[in-house]
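Participant: Only the shape, not the letters, is given here:
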């Protein structure tokens, strides 16, 4: 499926987890040393996307099951998987995340091309601060790209896939037509389904080609790849 909507793109909305930030590999190693694994950075990154694929397979946020999938993907011995579950919960819910390589630069490139940007994330109330501290983006331009808003589900009281969460971003962007906005996220359950329900064009970040639904929605390996194609499209107009 084509990456961008035929109607054109007036704004880009992005998820945070899996698009701008991923679990910090050092935190993964620190927490999971207790269950006898010391994964490299690539293994940590792949385990995140494998576990997000588990969300899509289940079709619901069954976090203990997702954490078990993460543990197995990263090499935890089966006999210690249950021991790893609370450790993985700590990685996701308490440890700070790390920037995705190239994501900040992609946002800056989009901003410089005049593309309005917003962030919409299921998060725990600290996402705006994390993005600022990592100098990925901010609402006031203090860090890297300036975005119209960082919508944090904990703050607004609604989370994806509920399409209402996207209304906060669309309002902050000035009310563009949803069908001319793309939403870039790393799951089908939360991001593709949520964006589609809100009338947006979903783009699924899937760097390991784990999603089999290749004709149902657009896929890309990274936000950088999405930005590159959009910039080429804009330059050709």
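Facilitator: That came in fine, so what should we check first? Given the structure is predicted, the values throughout are model-derived calculations rather than measurements.
Participant: For the chain, which segments count as helices?
Facilitator: Ranges of helices in the chain, per DSSP state H, are 25-32, 41-58, 63-73, 81-93, 103-112, 127-133, 153-156, 164-172, 193-197, 223-236.
Participant: Now the third one: buried residues?
Facilitator: Of the residues in helix 63-73, 63, 65-73 count as buried by neighbour count, 16 or more other Cβ atoms under 10 Å. Glycine gets a C-beta too; all of them are placed from N, C-alpha and C.
Participant: just checking, what packs against it?
Facilitator: helix 41-58, helix 81-93 (3 or more Cβ pairs under 8 Å, 6 or more residues apart in numbering; DSSP states H and E).
Participant: Reformat the helices of the chain as JSON lines; add mean pLDDT.
Facilitator: Conversion of the helices of the chain to JSON lines gives the following (pLDDT from 0 to 100):
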{"stretch": "helix 25-32", "mean pLDDT": "98"}
{"stretch": "helix 41-58", "mean pLDDT": "98"}
{"stretch": "helix 63-73", "mean pLDDT": "98"}
{"stretch": "helix 81-93", "mean pLDDT": "97"}
{"stretch": "helix 103-112", "mean pLDDT": "97"}
{"stretch": "helix 127-133", "mean pLDDT": "96"}
{"stretch": "helix 153-156", "mean pLDDT": "98"}
{"stretch": "helix 164-172", "mean pLDDT": "98"}
{"stretch": "helix 193-197", "mean pLDDT": "98"}
{"stretch": "helix 223-236", "mean pLDDT": "95"}
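Participant: between these, which gets nearest to residue 203?
Facilitator: Proximity to residue 203 (Cβ to Cβ) singles out helix 223-236 among those, at 5.7 Å.
Participant: Give me the packing partners of that closest one, helices and strands only.
Facilitator: strand 11-14, helix 103-112, strand 181-185.
Participant: Pull the contacting residues for the residue nearest to residue 23 when sequence neighbours are not counted.
Facilitator: Spatial nearest neighbour of residue 23, chain neighbours left out: residue 91 (5.2 Å); criterion: Cβ to Cβ, 6 or more residues apart in numbering. Residue 91 makes contacts with 23-24, 27-28, 31-32, as judged by Cβ atoms under 8 Å, 6 or more residues apart in numbering.
Participant: can you tell me which two in those are farthest apart?
Facilitator: Pairwise over the contacts of residue 91, using Cβ to Cβ, the maximum falls at 24 and 32, 12.1 Å.
Participant: Which one's more surrounded, the two?
Facilitator: residue 32 (26 against 18; other Cβ atoms under 10 Å).
Participant: Do I have it right that that one meets residue 85?
Facilitator: No. Assessed by Cβ atoms under 8 Å, residue 32 is found out of contact with residue 85, at 11.1 Å.
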